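S.K.: Structural data only, the sequence is not supplied:
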């Protein structure tokens, strides 16, 4: 293999794909990145067998071929080189890299030992506007669980409504839940995608990409974004029917400025560190206000209030970090807090946009 490629293009591609290379695997080849010529382009790929990421970049190919080299070393080395042309030549499982003032050789492994990149034959397809899907991931992903003891909750659930008019994307760790509704005609869709795979997708999204195409079957999903392709295994299991837990009506609601709620929650959270972040929200219909109190026996106590449009009164204790995380996911100026009882879930919504909701379970105290 012999080719010329621009340093900035190769560095960008390596930063996208090399993150999934596994340095802890018992198979040394999985810690490597694959470099392979394809026509007049260079194909770069890495996999840990659960997720595979590949990208192609333009190159001047003098001799076709392939090689794998350590992903971390290759990424760090290429990113350290000055912008400009790089010459890559692979012989006898060694990759020679030549640039202005630099002449280096990296020992590799034959590409014949690299796992076959997964493919999806046929399958169903979805297509999203990049900006819309990126925002959806930012609103939902953080609510997924990281506890591998409950693998189903480490996934993001993508499913269609019974009438096929809407597509729901949801994630939960059993303490909180985020759901985004997209007005997208879709039928009989039920996908459980690993959250960590969608994190990689989020990092790979480029601002100049207009659409994201998803192809999927019963076991895998493939995301296509411009020159980047991500293939991931789907999570096996049945997602909890969380919609049964969502109330049809609320006894108490409070609508207020999202900025005001963020400010009083942040201040109260400083006094809630001893109590694992627990703060108490008091919604007062008579005073038309929401107050948040927190107590730290060693430090002191705090009560902060904000004016709100209130219907009904309620008191509920919640984790301040969950509230702050949720508030960052909303885009509107105002937020509505919906409560039934101190042991029932609290639902946060945007009064002007019903496409996103966030559920936080109360702290039992």
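M.R.: Arrived safely, thanks for sending. The model shown is predicted, which means the values in this text are computed figures rather than measured ones.

S.K.: burial measure for residue 121, as a count.
M.R.: 6 (other C-beta atoms under 10 Å). Placement of C-beta: from N, CA and C, glycine included.

S.K.: where's the closest residue to it other than its chain neighbours relative to residue 46, distance?
M.R.: Spatially, and ignoring its direct neighbours in sequence, residue 121 is nearest to residue 217 (8.0 Å; C-beta to C-beta, 6 or more residues apart in numbering). According to C-beta to C-beta, to the nearest Å, residue 217 stands 22 Å off from residue 46.

S.K.: So which of the two has more stuff around it?
M.R.: residue 46 (28 against 13).

S.K.: Counting by contacts, list what the helix or strand containing the more buried one packs against.
M.R.: Following DSSP states H and E, one finds residue 46 within strand 41-47. Here strand 41-47 touches helix 7-17, strand 32-38, strand 51-58, going by 3 or more C-beta pairs under 8 Å, 6 or more residues apart in numbering; DSSP states H and E.

S.K.: How about residues contacting the first one?
M.R.: Around helix 7-17, the neighbours that count as contacts under C-beta atoms under 8 Å, 6 or more residues apart in numbering are 33, 42, 44-46, 53-58, 71, 74-75, 78-79, 81-86, 99, 203-204, 228.

S.K.: Please name the residues that touch the residue nearest to residue 121.
M.R.: 120-124.

S.K.: of the residues you listed, buried ones?
M.R.: The neighbour count (16 or more other C-beta atoms under 10 Å) marks residue 124 as buried among the contacts of residue 217.

S.K.: Would you mind listing the two of the contacts of residue 217 that lie farthest apart?
M.R.: 121 and 124 (12.1 Å; C-beta to C-beta).

S.K.: Helices along this protein, start to end?
M.R.: 7-17, 71-80, 130-140, 195-204, 258-270, 320-329 (DSSP state H).

S.K.: Just put the ones you listed in JSON lines and tack on mean neighbour count, mean pLDDT and distance to residue 104.
M.R.: Below are the helices of the chain laid out as JSON lines (neighbours: other C-beta atoms under 10 Å; pLDDT from 0 to 100; distance: least, C-beta to C-beta, whole Å):
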{"stretch": "helix 7-17", "mean neighbour count": "21", "mean pLDDT": "96", "distance to residue 104": "13"}
{"stretch": "helix 71-80", "mean neighbour count": "18", "mean pLDDT": "96", "distance to residue 104": "7"}
{"stretch": "helix 130-140", "mean neighbour count": "19", "mean pLDDT": "95", "distance to residue 104": "36"}
{"stretch": "helix 195-204", "mean neighbour count": "19", "mean pLDDT": "95", "distance to residue 104": "27"}
{"stretch": "helix 258-270", "mean neighbour count": "18", "mean pLDDT": "95", "distance to residue 104": "49"}
{"stretch": "helix 320-329", "mean neighbour count": "19", "mean pLDDT": "97", "distance to residue 104": "43"}
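
S.K.: Turn those into TSV, including distance to residue 162.
M.R.: Formatted as TSV, these follow (distance: least, C-beta to C-beta, whole Å):
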stretch	distance to residue 162
helix 7-17	38
helix 71-80	44
helix 130-140	21
helix 195-204	25
helix 258-270	32
helix 320-329	26
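
S.K.: Out of these, which gets nearest to residue 150?
M.R.: Closest to residue 150 of the helices of the chain is helix 195-204 (C-beta to C-beta; 12.4 Å).

S.K.: angle of that closest one against helix 130-140?
M.R.: 140 degrees (axes from the mean of the first three to the mean of the last three C-alpha atoms, to 10 degrees).

S.K.: Now do helix 195-204 against helix 7-17, angle only.
M.R.: 160 degrees.

S.K.: Begin at 52 from now on, thanks
M.R.: Taking 52 as the first residue, the last one we looked at is helix 246-255.

S.K.: So which elements touch helix 246-255?
M.R.: Helix 246-255 packs on strand 102-109, helix 181-191, strand 206-211, strand 271-276, strand 279-284, going by 3+ C-beta pairs under 8 Å, 6+ apart.

S.K.: These: which one's closest to residue 74?
M.R.: Per C-beta to C-beta, nearest to residue 74 of the helices and strands packed on helix 246-255: strand 102-109, 15.0 Å.

S.K.: At the geometric centre of the protein, which residue sits there?
M.R.: residue 250 (3.3 Å; C-alpha atoms, centre = their mean).
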